[in-house]
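give me a 3D structure for the following:
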Amino acid sequence: ARQAAEEARGQNAALKEDNHRLRARLSESAPRADLLAARSEAKARGEACEELGERARVLADQLAVREADLKASAAEVGKLSARLEDMAPKSDLFMARSDASAKGDVVQQLQQQQQAMGELLGMRDAALGAAREELERL
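Numbers count the residues shown, from 1 in each chain. Okay, the predicted model is just below:
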């Protein structure tokens, strides 16, 4: 859009120069037919110049809107990047997770040992009960 605006401005300037040149030629020309043709051409080029000027203004306005949108989008990207950075796991979090996993493994091993000890204790109690019954019977 910026390049199109620059092209339109360049064409506008060229048309203005042509317009001034034709007006100068008009003032110097003596024959009436040449004067009318030059005036007609100058008028047509002036209208073209105005159209290009309007097009350049429209393109400049569109460029301003797009630049504002781009600036707003860049600000939003900055905010989202900051939020993402805040949400990203840190090294201490990784260490804490690793430590928790290791402790979880130890807890699981202790629970398995406790269960095995409970089974052994149950068997011992059963054997003790059987021995007491045998002792009482004797």
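
use CA for all of it now, contacts and neighbours both
Noted.

in contact with the residue nearest to G53 when sequence neighbours are not counted, which residues?
Excluding its sequence neighbours, the residue lying closest to G53 (Cα to Cα, 6 or more residues apart in numbering) is N12, at 6.2 Å. N12 is in contact with C49, E50, L52, G53, counting by Cα atoms under 8 Å, 6 or more residues apart in numbering.

mind redoing it with 10 Å?
Shown in contact with N12 (Cα atoms under 10 Å, 6 or more residues apart in numbering): 6, 18, 45-46, 48-56.

just put those residues in CSV and tack on secondary structure and distance to A127.
Shown next, in CSV, are these (DSSP: H, G, I helix; E, B strand; the rest coil; distance: Cα to Cα, whole Å):
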residue, secondary structure, distance to A127
E6, helix, 101
D18, helix, 119
R45, helix, 118
G46, helix, 117
A48, helix, 113
C49, helix, 113
E50, helix, 112
E51, helix, 109
L52, helix, 108
G53, helix, 108
E54, helix, 106
R55, helix, 103
A56, helix, 103
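
low-confidence ranges, the protein, go.
Low-confidence segments of the chain, defined by pLDDT under 70: 29-32, 35.

same thing but 80
1-2, 25-36, 86-94, 138 (pLDDT under 80).
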